[in-house]
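Asker: the following block contains a protein sequence and its predicted model.
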Amino acid sequence: MDNSTSNTELVKRLKTGDVAAFDGIYNKYCHKLHGFVFMYLKQEEDAEEIVQEVFIKIWESKAKIDLSASFESFLFTIAYNAT
């Protein structure tokens, strides 16, 4: 996955069920998301589990993602609520 691929392009492709786009989003955000969750929980295993849950939710609700809204905000809101 090319690092220059925009979020909008990745999310458009994700909405169609493109697994490579999902992988690209995962690779782009998994570390930032883990750090965000870990900051609240201070538990490595719990943080990893929440990040996994967030990406499962993203995949399961991919058709409902709003392209006009910030995907990053959407992602971190799910992570915050799961935390």
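Answerer: Received the coordinates, thanks.
Asker: contacts and neighbour counts: CA atoms only from here.
Answerer: OK.
Asker: which helix is the longest one in the chain?
Answerer: helix 19-41 (DSSP state H).
Asker: what stretches of this protein score poorly on pLDDT?
Answerer: 1-5 (pLDDT under 70).
Asker: just give me the neighbour total for residue 61.
Answerer: As a burial measure, residue 61 scores 11 neighbours (other Cα atoms under 10 Å).
Asker: er, residue 63 I mean
Answerer: Neighbours of residue 63 (other Cα under 10 Å): 14.
Asker: I figured it hits residue 15, correct?
Answerer: Yes - between residue 63 and residue 15 there is a contact under Cα atoms under 8 Å: 5.1 Å.
Asker: list the buried residues in stretch 18-26.
Answerer: 21, 22, 24, 25, 26 (16 or more other Cα atoms under 10 Å).
Asker: checking residue 17 next. Helix, strand or coil?
Answerer: Taking DSSP: H, G, I helix; E, B strand; the rest coil as the rule, one finds residue 17 in the coil state.
Asker: which residues sit in contact with it?
Answerer: By Cα atoms under 8 Å, 6 or more residues apart in numbering, residue 17 lies in contact with residue 62.
Asker: ok, back up a step: heading C-terminal from the longest helix of the chain, find the next helix or strand.
Answerer: Next along the chain after helix 19-41, taking DSSP states H and E as the criterion, comes helix 44-60.
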